[in-house]
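A.B. asks: What shape does this take:
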Amino acid sequence: MKAFIVEKYKKSGPLRLVETAEPVAGRNDVLVEIKATGVNLLDSKLRDGEFKLILPYKPPFILGHDVAGTVTAVGPGVRQFKIGDEVYARPRDHRVGTFAQRIAIDENDVALKPNNLNWAEAASIPLVGLTAWQALVEIGKLRKGQKVFIQAGSGGVGTFAIQLAKHLGATVATTTSAKNAELVKSLGADVVIDYQTQDFETILSDYDLVLNSQDQKTLEKSLRVLKPGGRLISISGPPDPAFATAMKLNPFMRLVIRLISSGVRRKAAKRGVRFDFLFMRADGRQLGEITSLIESGIIKPVLDKIFPFEKTGEALAYVEAGRAKGKVVIEVQ
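C.D. replies: Below is the predicted model:
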């Protein structure tokens, strides 16, 4: 089959289109003919080698973390899916590789595709949808009447998280540029802050939850808009000791992570708030919950641009430029 591979870790390194071995479905796997795949900043970070100490992929490897497609084969242990099912997924770590024509995925990472979405729309959902769900529902336990600050509201995670937070009954504040203000308002944002001309720290206060996706300076400012007992969940780092334990990292890496996150954890504790790092995981059951929200019309995908398969490298470069509104998708077939 055809696939785009990373030949070696290199910042902004090229992806190469190659003929590679066909994937084989294991006992609990479904084999998926890929119709479309989403593009995420995580893909560029992996290619650049930013996560090679905690997610050591051995080059050459195939990038890609979102998939929508048709089941063409199932392992003997599969009980939830059958040949012909239309599905979508975020394959688990160490088994990614959706910049390709086919992939084998553990059935527990898979859900039936929302019946009201096309392939490109479906492929835009899994990674950002699961990230928002695990931040706001699983960890943050966001409730009706609470206030949440979602940074970068016009980005992939932001466009999904705003809609989910509104469904949960929260008041939503977000940052974006002036040209994207109407977009985030249409998704449900109550307070829209132009990050180019306004400082969110002077506008927001007494928030219950912050979903941080920006740099260290923004993270520290975000601690100051939380009320006592509030919670900051960061998807951009720094990783914390709980993450190191969950990833079963070696003692040296656990110590490193404890040290690099000690500053923000100490500042959070001083303010009486909590800091959590979220590195989202594959979860077909949660994706099924998201499917229900999409089919009910509660959450709608936001797509910026669709690229053909042969321009996968250009799609990744476009995402890296940081100007996409919502998600960028590649049509494979």
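
A.B. asks: Tell me how far Leu204 lies from Leu316.
C.D. replies: 33 Å (C-beta to C-beta, to the nearest Å). Every residue, glycine included, has its C-beta placed from N, CA and C.

A.B. asks: The two: which is more packed in?
C.D. replies: Each of Leu204 and Leu316 has its neighbours counted (other C-beta atoms under 10 Å); Leu316 has more, 25 against 20.

A.B. asks: Quick one: distance of stretch 88-100 to the chain centre.
C.D. replies: Relative to the centre of its chain, stretch 88-100 is centred 12 Å away, using C-alpha atoms, centre = their mean, to the nearest Å.

A.B. asks: ok, which stretches of the protein are helices?
C.D. replies: Counting by DSSP state H, the chain has helices at residues 41-48, 119-123, 126-133, 156-167, 181-187, 216-223, 241-246, 251-260, 262-271, 284-295, 312-320.

A.B. asks: Pipe those helices into a markdown table and attach mean pLDDT per row.
C.D. replies: Shown next, in a markdown table, are these (pLDDT from 0 to 100):
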| stretch | mean pLDDT |
| --- | --- |
| helix 41-48 | 96 |
| helix 119-123 | 98 |
| helix 126-133 | 98 |
| helix 156-167 | 98 |
| helix 181-187 | 98 |
| helix 216-223 | 96 |
| helix 241-246 | 95 |
| helix 251-260 | 96 |
| helix 262-271 | 97 |
| helix 284-295 | 98 |
| helix 312-320 | 97 |
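
A.B. asks: Of the ones you listed, which is nearest Leu17?
C.D. replies: helix 312-320 (7.7 Å; C-beta to C-beta).

A.B. asks: Who are the packing partners of that closest one?
C.D. replies: Under the contact criterion of 3 or more C-beta pairs under 8 Å, 6 or more residues apart in numbering; DSSP states H and E, helix 312-320 touches strand 29-39, helix 41-48, strand 303-308, strand 327-331.

A.B. asks: Which residue ranges make up the domains of the chain?
C.D. replies: Per the TED database, the structural domains of the chain span 2-126+282-331, 140-277.

A.B. asks: Looking at those, which is nearest to Ala132?
C.D. replies: That would be, of the domains of the chain and by C-beta to C-beta, domain 140-277, which comes in at 3.9 Å.

A.B. asks: mind checking the end-to-end distance for that closest one?
C.D. replies: Terminal residues of domain 140-277 lie 12 Å apart, using C-alpha to C-alpha, to the nearest Å.

A.B. asks: If you tally nearby residues, what's the number for Thr37?
C.D. replies: Applying other C-beta under 10 Å, we find 32 residues neighbouring Thr37.
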